[in-house]
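> Pasting a predicted model and its sequence here:
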Protein chains: 2
Amino acid sequence: MDWPLFLTFLAACGAAAATGAMFNPGAWYDSLQKPSWTPRNWVFPVVWTTLYLLIAYAAMRVAGVAVSADVTGGAAVAGTTPLPGSAVLAGNVVQALAFWALQIAFNTLWTPVFFGLHRIRAAMVVMVFLWLAVAATTWSFFGVDFWAGVAFLPYLVWVSIAGALNFSVMRLNPNAG
Amino acid sequence: MDWPLFLTFLAACGAAAATGAMFNPGAWYDSLQKPSWTPRNWVFPVVWTTLYLLIAYAAMRVAGVAVSADVTGGAAVAGTTPLPGSAVLAGNVVQALAFWALQIAFNTLWTPVFFGLHRIRAAMVVMVFLWLAVAATTWSFFGVDFWAGVAFLPYLVWVSIAGALNFSVMRLNPNAG
């Protein structure tokens, strides 16, 4: 574990988690028509807490690959001539971390738009960007470190469910926002 | 310019910018007691647009250092044995990018808390975290690339002004939120 890296990424997740703590579902959400498969309210904070730990851990692993690759100069054995592929690796790592920053910013945005502004359609647009950012992060993480990619899969699944829920609520409540 | 990296970081800024577009000052903000030096409302989007371009550019430069350092294996001349300091460099880059993710998440959080929830004290807490994240990013960017650090200085100055404004509004309106 690289604790400074892990805790920095987890603190970034803290900003997204804070939106869930401060923008509550409340009477407006309760009054909306929702599909039969809508998870109970208590499920969301439990799932999100787990996902934030996973994606902070995944980001730490990807960042750590850059450090260990650089120790060996990108070569298989330390002290030997760097392989031509090492620049590709470093490029993959920094692009993957850029996607990670993108997804956490859109994750922080969604809750205030949906639960704060009650703008279901605008939240759906944010959700599409969030889903694309999470998919891009998952894909790029697999290109750097297998287990970092695996750690992102539950997040991609959950954002797909959340997106389907946002879409269904939008269809079932055409006049709600 | 590394356009894929720049545009990914700029898109992350887009999430933060969207909060400014969607959570408007409105009658509540107009009614607050504010210090004499409060900037006019039109100043904020102009300044933020400039700052988002600068910090996306700065992040691209820092990420680019990892790529170019890895091309040379961290050594001064390509093909030579990597220097012992190269692991430190890669570690600096990924920690700096982790701080960048942290600051953009807290940047996205502040506007909904202040203008959405009208929670001036909670926004002040978010602002302290945002200031610390921007200061840590600026400091770590200077450790990787001089001009990336310079590009972050206006942001650090502006967040200091925004923090002073949040604090002043909190003191002048003790019953407002």
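That came through, no problem.
> Packing partners of the top helix by length along chain A?
The single longest helix within chain A, with elements called by DSSP state H, is helix A:43-71. Secondary-structure packing of helix A:43-71 (3 or more C-beta pairs under 8 Å, 6 or more residues apart in numbering or on different chains; DSSP states H and E): helix A:3-22, helix A:86-111, helix A:146-172, helix B:43-71, helix B:86-111. Where you see a C-beta, it was placed from the backbone N, CA and C, and this is true even at glycine.
> Pretty sure residue A:12 sits against residue B:102.
Yes: counting by C-beta atoms under 8 Å, residue A:12 touches residue B:102, with 4.4 Å between them.
> Neighbours of the nearest residue to residue A:29 once chain neighbours are set aside, how many?
Closest residue to residue A:29 apart from its sequence neighbours, by C-beta to C-beta, 6 or more residues apart in numbering or on different chains: residue A:115 at 6.8 Å. By the criterion of other C-beta atoms under 10 Å in any protein chain shown, residue A:115 has 20 neighbours.
> dump the residue contacts of the residue nearest to residue A:24 when sequence neighbours are not counted.
In space, and not counting its chain neighbours, residue A:24 is closest to residue A:115: 6.8 Å by C-beta to C-beta, 6+ apart. Counting by C-beta atoms under 8 Å, 6 or more residues apart in numbering or on different chains, residue A:115 makes contact with A:23-26, A:28-29.
> between these, which is closest to chain B?
Using C-beta to the nearest C-beta, residue A:23 is the member of the contacts of residue A:115 that lies nearest chain B, at 7.3 Å.
> Could you pull up the residues touching that closest one?
Under the contact definition (C-beta under 8 Å, 6+ apart), the residues listed for residue A:23 are A:111-112, A:114-116, B:112, B:116-117.
> so where's chain A shaky on pLDDT?
Low-confidence segments of chain A (pLDDT under 70): A:68-88, A:177.
> and the contacts of residue A:23, which two are the farthest apart?
Using C-beta to C-beta, the contacts of residue A:23 span at most 14.0 Å, a distance reached by A:114 and B:117.
> For these two, indicate the residue with more neighbours.
Comparing residue A:114 with residue B:117 by other C-beta under 10 Å, the one with more neighbours is residue A:114, at 24 against 16.
> The more buried one is in contact with residue A:121, isn't it?
No: counting by C-beta under 8 Å, residue A:114 stays clear of residue A:121, with 10.2 Å between them.
> gap between the closest residue to residue A:113 other than its chain neighbours and chain B?
In space, residue A:113 comes closest to residue A:123 once its chain neighbours are excluded; the distance is 4.6 Å by C-beta to C-beta, 6+ apart. Remark: distance between residue A:123 and chain B (C-beta to the nearest C-beta, to the nearest Å) = 10 Å.
> Same check on residue A:42?
22 Å.
> Ok, residue A:91 next?
Taken as C-beta to the nearest C-beta, the span from residue A:91 to chain B is 5 Å.
> That residue: neighbouring residues, count only.
20.
> Over to residue A:37?
9.
> what does residue A:43 give?
For residue A:43, the count of nearby residues is 10 (other C-beta under 10 Å).
> give the contact list for it.
Contacts of residue A:43 by C-beta under 8 Å, 6+ apart: none found.
> sorry, back to before: quick one: contacts for the residue nearest to residue A:113?
A:110, A:113-114, A:166.
> ok, of those residues, which one's closest to residue B:141?
residue A:110 (28.2 Å).
> Please name the nearest non-neighbouring residue to the closest one.
In space, residue A:110 is closest to residue A:126, 4.9 Å off (C-beta to C-beta, 6+ apart).
> Okay, buried residues for the one helix or strand the one you found maps to please.
According to DSSP states H and E, residue A:126 maps onto helix A:120-142. For helix A:120-142, a neighbour-count test (16 or more other C-beta atoms under 10 Å in any protein chain shown) marks A:120, A:122-124, A:126-127, A:129-138, A:140-142 as buried.
> Could you do stretch A:9-23 as well?
Within stretch A:9-23, the residues that count as buried by 16+ other C-beta under 10 Å are A:9-20, A:22-23.
> what's the answer for stretch A:146-165, then?
Across stretch A:146-165, burial judged by 16+ other C-beta under 10 Å covers A:148-149, A:151-152, A:155-156, A:158-159, A:162-163, A:165.
> List just the nearest of those residues to chain B.
residue A:148 (12.8 Å).
> Correct me if wrong: the closest one contacts residue A:62.
Yes: counting by C-beta under 8 Å, residue A:148 touches residue A:62, with 4.9 Å between them.
> Touching both of the two, which residues are there?
Contacts common to residue A:148 and residue A:62, judged by C-beta under 8 Å, 6+ apart, are residue A:141.
> Overlap in contacts, residue A:12 and residue B:102.
With the criterion set as C-beta under 8 Å, 6+ apart, the contacts of residue A:12 and residue B:102 do not overlap.
> ok so, going back, and the gap between the residue nearest to residue A:113 and residue B:134?
Applying C-beta to C-beta, to the nearest Å, the value for residue A:123 to residue B:134 is 27 Å.
> cool, and residue A:11?
Following C-beta to C-beta, the distance that separates residue A:11 from residue B:134 is 13 Å.
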